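**Student:** Build me a model:
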Amino acid sequence: MAGTALVVGASGIVGSATGALLCEEGWKVYGLARRSVEQTGVVPLLADLQDKAGTASALSDIRPDAVFITTWLRQDSEAENIRVNSAMVRNLLDALSAHSSTRHVALVTGLKHYLGPFEAYGKGSLPQTPFREEQGRLDVENFYYAQEDEVFAAAERDGFSWSVHRPHTVIGKAVGNAMNMGTTLAVYATICRETGRPFRFPGSGAQWNGLTDMTDARQLAKHLLWATQTPAAHNEAINVVNGDVFRWSWMWSRIAEWFGLEPAPFDGTVQTLEQQMANDADVWRRIAMREGLVERDLSRLTSPWHTDADLGRPIEVVTDMGKSRRLGFTGYQSTDDAFSALFNSLRADRIIP
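**Tutor:** Residues are numbered from 1 along each chain as shown. Take a look at the predicted model:
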């Protein structure tokens, strides 16, 4: 049954996909973000969640039935990640507490629950893959854990149900997003085609040869809505991926084919995107001006550091979806089709030529 939803981080990859789905399903949707949200059917709200009073003011007249938290802010250390991102969740839920309207809160985190924060990403003693929800927290500081704890505390105080959603790398569209592999690879491929540079896989042998999976933002949006409407999924942490597995040795050629490129042979050495794209700002500006693209600033489109972190991991990363399936979620999305859909959308919106 549709109700009133608050999507927090509405301008991001996950937030925009969630807002679109909720509107399609007949919900009244408010979209909270630090910058203006222009999305059909979504009522924009402006607030910085670090500002407790400003957040309370922005939400003073909002009575959501369901809240979808899809945002975070990257800081220089994990200690700062914890301080800032836990405060953001706390300020949000404190602002909503007085209204007593919220029945469910869905929090999006991710596989750093199992892999550790960026400072210790994929290192040390890790749970065996495929990652399953019963594998507990690592013995390291992690802002995902801090965000969860804020949701758990507010749920106990205010009586709402919750769900925690753990996607793998998300495929979706949003300009200015901090974690955006799909658009990063699209821009990288476009630059390779423009300059004649080889289209090189930037990651590790473990990722090139091992099995992996990803999460389409539309699949994640469906998972969020399903959990909100499914009592069996309440008060549960749940993995969410597309449902297929692949090797980058195969996917890289599929992406190359879409852009009319020949993939460069992989020789086992890591050649990061941060290194490969370090001097590409002027190249992209020239392409964007010539082709009439909407964004000329390379840094607003790409996140090489994040793509390098994912593709450079020294271990195989596969996610178990058994819990979601047992609870009734049947959604499936082919990952190569997800990339193709994204690239088509980026082209249609004049983000890539």
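**Student:** thought G15 was touching G31?
**Tutor:** Yes - G15 lies in contact with G31 (C-beta atoms under 8 Å); the separation is 6.9 Å. Just so you know, the C-beta spots here come from the backbone N, C-alpha and C atoms, and that holds for glycine as well.
**Student:** Please enumerate the shared neighbours of those two.
**Tutor:** By C-beta atoms under 8 Å, 6 or more residues apart in numbering, G15 and G31 have these common neighbours: V7.
**Student:** Check what pLDDT the residue nearest the centre of the chain gets.
**Tutor:** Closest residue to the average C-alpha location of the chain: V170 at 4.5 Å, with C-alpha atoms, centre = their mean. Note on V170: pLDDT of 95.
**Student:** pretty sure it contacts V14?
**Tutor:** Yes - using C-beta under 8 Å, V170 is in contact with V14, at 6.2 Å.
**Student:** Can you work out which residues contact both of those two?
**Tutor:** Joint contacts of V170 and V14 (C-beta under 8 Å, 6+ apart) are A217, L220.
**Student:** what are the ranges of the helices in the stretch 51-200 of the chain?
**Tutor:** 52-58, 78-97, 112-115, 143-158, 181-195 (DSSP state H, counting those that start in this stretch).
**Student:** Kindly reformat those helices as CSV and extend each row with distance to R218, mean neighbour count and mean pLDDT.
**Tutor:** Formatted as CSV, the helices of the stretch 51-200 of the chain follow (distance: least, C-beta to C-beta, whole Å; neighbours: other C-beta atoms under 10 Å; pLDDT from 0 to 100):
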stretch, distance to R218, mean neighbour count, mean pLDDT
helix 52-58, 27, 16, 96
helix 78-97, 24, 19, 96
helix 112-115, 22, 22, 91
helix 143-158, 23, 18, 98
helix 181-195, 12, 22, 97
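**Student:** could I get these as JSON lines with distance to F201?
**Tutor:** Converted to JSON lines, these look like this (distance: least, C-beta to C-beta, whole Å):
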{"stretch": "helix 52-58", "distance to F201": "42"}
{"stretch": "helix 78-97", "distance to F201": "28"}
{"stretch": "helix 112-115", "distance to F201": "20"}
{"stretch": "helix 143-158", "distance to F201": "28"}
{"stretch": "helix 181-195", "distance to F201": "10"}
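**Student:** Out of these, which is closest to I238?
**Tutor:** Proximity to I238, assessed across those by C-beta to C-beta, is greatest for helix 112-115 (11.4 Å).
**Student:** could you pull out the strands for the chain?
**Tutor:** Taking DSSP state E as the criterion, the chain carries its strands at 4-8, 28-33, 42-46, 66-69, 104-108, 161-167, 170-171, 211-212, 215-216, 236-240, 246-247.
**Student:** Now tell me what touches the fifth one from outside.
**Tutor:** With C-beta under 8 Å, 6+ apart as the contact definition, strand 104-108 has outside contacts at 14, 65-70, 89, 93, 147-148, 151, 154-155, 160-165, 167, 220, 224, 227-228, 234.
**Student:** 7 Å instead?
**Tutor:** 14, 66-70, 147-148, 151, 155, 160-165, 167, 224, 227-228, 234 (C-beta atoms under 7 Å, 6 or more residues apart in numbering).
**Student:** Same check on the third one?
**Tutor:** Contacts of strand 42-46 from elsewhere in the structure, counted by C-beta under 7 Å, 6+ apart, are A10, G19, C23, V29, Y30, G31, L32, A33, S36, V37, A58.
**Student:** Ranking by neighbours, what's the top pick from the residues you listed?
**Tutor:** Highest neighbour count within the contacts of strand 42-46, by other C-beta atoms under 10 Å: L32, with 31 neighbours.
**Student:** picking that back up, shouldn't the residue nearest to the centre of the chain be in contact with R218?
**Tutor:** No - V170 lies out of contact with R218 (C-beta atoms under 7 Å); the separation is 10.1 Å.
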